[in-house]
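Participant: pasting the sequence and the predicted model now:
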Amino acid sequence: MSSLPKIKAIVLDWDDTITNKDTISLVAEAAYLTKPEFPQPWSHFSEVYYSNYKLYTSNWGERTTFKDELEFQKGLKQVELSSVNEYVGLQLFKDISTKSLEDQSSKVEIKPNFFQIFQKLYDNKIPIILLSCNWTSIIMDKIFKDHGFEQHEHFKIITNEFEVEQGILTGQVLENVSIRTGADKVEHVHKILQDLRKLGINDGVYYIGDSSTDVLPMLETDYGIVIGDGSATKTLQRLNINYDEGIKGDSKIKHIKNWNELNELV
Ligand SMILES: [Mg+2]
């Protein structure tokens, strides 16, 4: 039985890791609250996504190796972009205000004990990088601000962003950051690790997430934490990667149920 070192830096997923539920539908809802007459319902965009997803996955057999999974995640980018291109093309988010997205933050449920752990990391100036495949940082940024946490050099949110002009979305997305798949997250984790090395942090880097998108990036950091019962545990089993239940044990990957299990690491 070995125990984990204290967290020196951490990369966090957002949806279903910090939140209780996926929040993309709340992003979309902001558009429909502003434009209730928009011709295509939300189901149109999910159908485009799922039909492309089904088509893509039907070309894949069982993925049992890291290499297979990385190739699969890379190819998934086209599927993810198909729904992005659909909402950009149909201008779903055109003329939506950033304020209407911020207002959605009151509907987001945060997992128990998250902010207690976050507070300690933040107060101790531990580098925290929130790395998400969500469509915007607006809702998350508002939630952190409401809890008294501003982004600064030790706390950054990296995700996809809408183009905004004077508080109003143009309907386009910014091209400079594109985080749509687990392969994209791997790439960003490599950059993050380089930046951390410049700060003299060479170990004690953690990654925490819930889904299959998080499995590859968490293998790149010193320790990976899977929270809850999302698709990450199934992916780990499929790829034959050992993990411990709880934070004790020899595996570098841990499965926890609640944020308070990280208490002794902060
Ligand atoms: Mg997630």
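Facilitator: Right, received. Where do you want to start? Residues are numbered from 1 along each chain as shown.
Participant: show me which residues of the protein sit near the ion.
Facilitator: Contacts of the chain with the ion, taken as CB under 5 Å from the ion, map to 13, 15, 16, 17, 210, 211. Backbone N, C-alpha and C define where each C-beta goes, glycine included.
Participant: want to try CSV for these, with pLDDT, secondary structure and neighbour count as columns?
Facilitator: Formatted as CSV, those follow (pLDDT from 0 to 100; DSSP: H, G, I helix; E, B strand; the rest coil; neighbours: other CB atoms under 10 Å):
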residue, pLDDT, secondary structure, neighbour count
13, 98, coil, 26
15, 98, coil, 21
16, 98, coil, 21
17, 98, coil, 23
210, 98, coil, 24
211, 97, coil, 21
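Participant: of those, just say which sits nearest to residue 166.
Facilitator: Nearest to residue 166 out of these is residue 15 (CB to CB; 28.3 Å).
Participant: ok, the closest one - contacts?
Facilitator: Residues counted as contacts of residue 15 (CB atoms under 8 Å, 6 or more residues apart in numbering) are 21, 22, 23, 24, 132, 133, 134, 210.
Participant: for the third one, give its distance to residue 139.
Facilitator: When CB to CB, to the nearest Å is applied, the distance between residue 23 and residue 139 equals 6 Å.
Participant: tell me the SS of the residue nearest to residue 122 when sequence neighbours are not counted?
Facilitator: With CB to CB, 6 or more residues apart in numbering as the criterion, residue 122 has its nearest non-adjacent residue at 5.8 Å, and that residue is residue 149. Following DSSP: H, G, I helix; E, B strand; the rest coil, residue 149 is assigned to coil.
Participant: surely residue 149 touches residue 128?
Facilitator: No: in terms of CB atoms under 8 Å, residue 149 does not count as a neighbour of residue 128; the distance is 9.1 Å.
Participant: who has more neighbours out of the two?
Facilitator: Using other CB atoms under 10 Å as the criterion, residue 149 and residue 128 rank with residue 128 on top: 19 against 16.
Participant: list the buried residues for the longest helix along the chain?
Facilitator: Taking DSSP state H as the criterion, the chain has its longest helix at helix 66-89. Under the neighbour-count criterion of 16 or more other CB atoms under 10 Å, helix 66-89 has 69-70, 72-73, 76, 79-84, 86-88 buried.
Participant: that older thread, quick check: neighbours shared by residue 23 and residue 139?
Facilitator: With CB under 8 Å, 6+ apart as the test, residue 23 and residue 139 both reach 104, 108.
Participant: look at the nearest residue to residue 245 once chain neighbours are set aside and report its pLDDT.
Facilitator: Sequence neighbours aside, residue 255 is the residue nearest to residue 245 in space, at 5.4 Å (criterion: CB to CB, 6+ apart). Note for residue 255: predicted pLDDT of 98.
Participant: pretty sure residue 255 sits in a strand.
Facilitator: Yes: the assignment for residue 255, made by three-state DSSP, places it in a strand.
Participant: quick check: bridge partners of it?
Facilitator: Residue 255 has these beta-bridge partners by DSSP bridges: residue 226, residue 245.
Participant: now do the nearest residue to residue 228 once chain neighbours are set aside against residue 157, distance only.
Facilitator: Among residues not flanking residue 228 along the chain, residue 210 sits closest, at 5.1 Å (CB to CB, 6+ apart). For residue 210, the distance to residue 157 (CB to CB) stands at 17 Å.
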